[in-house]
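Take this sequence and fold it.
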Amino acid sequence: MCHKLFQEYHCGCIKIACITPCPHAIAAAAERIPTLCTYFFTRKLPKSAHPCLKCYMQPQYADYRKRWMDDYRAGHPGVTQEIERLAGIEQIPGRMGLVNVEREMERMGSVVKREG
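Numbering: from 1, shown residues only. Predicted coordinates:
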């Protein structure tokens, strides 16, 4: 039987972290027949102290996001520009389908300035 490794996040969401195919599934894949077992052995990682990406942008985690950025600033003194990119969180809102209107307006303003 195949194995599934699950990650439970602080927010309560549970997601599959990894699927390890069994020898039968590997042999079937070698014959170009994609198959995994109907039943799985399940394993769980220790519960994460962080929310999943989807929940990270929810209002209840605003303090968490602020603390994350404050901790990053404390560990990287003098960094003022592009701090979200350097902290590794710049793409999270876009991946979740959210748009920072203020940032987009600034970006559009800079695009217009360059064209003019």
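
Could you use CA atoms for every contact and neighbour count after this?
Noted.

which phi and psi does the residue sitting nearest the centre point of the chain have?
Averaging the C-alpha coordinates of the chain gives a centre point, and the residue nearest to it by Cα atoms, centre = their mean is residue 53 (4.2 Å). Backbone dihedrals for residue 53, given as degrees, to the nearest 10, come out at phi -60, psi -40.

cool, residue 44 as well?
Note on residue 44: its backbone torsions stand at phi -120, psi 140 [degrees, to the nearest 10].

That one pairs with what?
In this structure, residue 44 has beta-bridge partners residue 6, where bridges are defined by DSSP bridges.

doesn't residue 3 make contact with it?
No. Residue 44 lies out of contact with residue 3 (Cα atoms under 8 Å); the separation is 10.7 Å.

More neighbours: these two, which one.
For the pair residue 44 and residue 3, the greater number of neighbours falls to residue 3 (17 against 13), based on other Cα atoms under 10 Å.

and residue 84, how far is that from residue 27?
Here residue 84 is placed at a distance of 44 Å from residue 27 (Cα to Cα, to the nearest Å).

does residue 67 sit in a helix or strand, and which one?
When secondary structure is defined by DSSP states H and E, residue 67 falls within helix 62-75.

Hmm, I typed the wrong one, I wanted residue 41.
Using DSSP H and E, the secondary-structure element containing residue 41 is strand 40-44.

helices or strands next to that strand in the packing?
Here strand 40-44 touches strand 2-8, going by 3 or more Cα pairs under 8 Å, 6 or more residues apart in numbering; DSSP states H and E.
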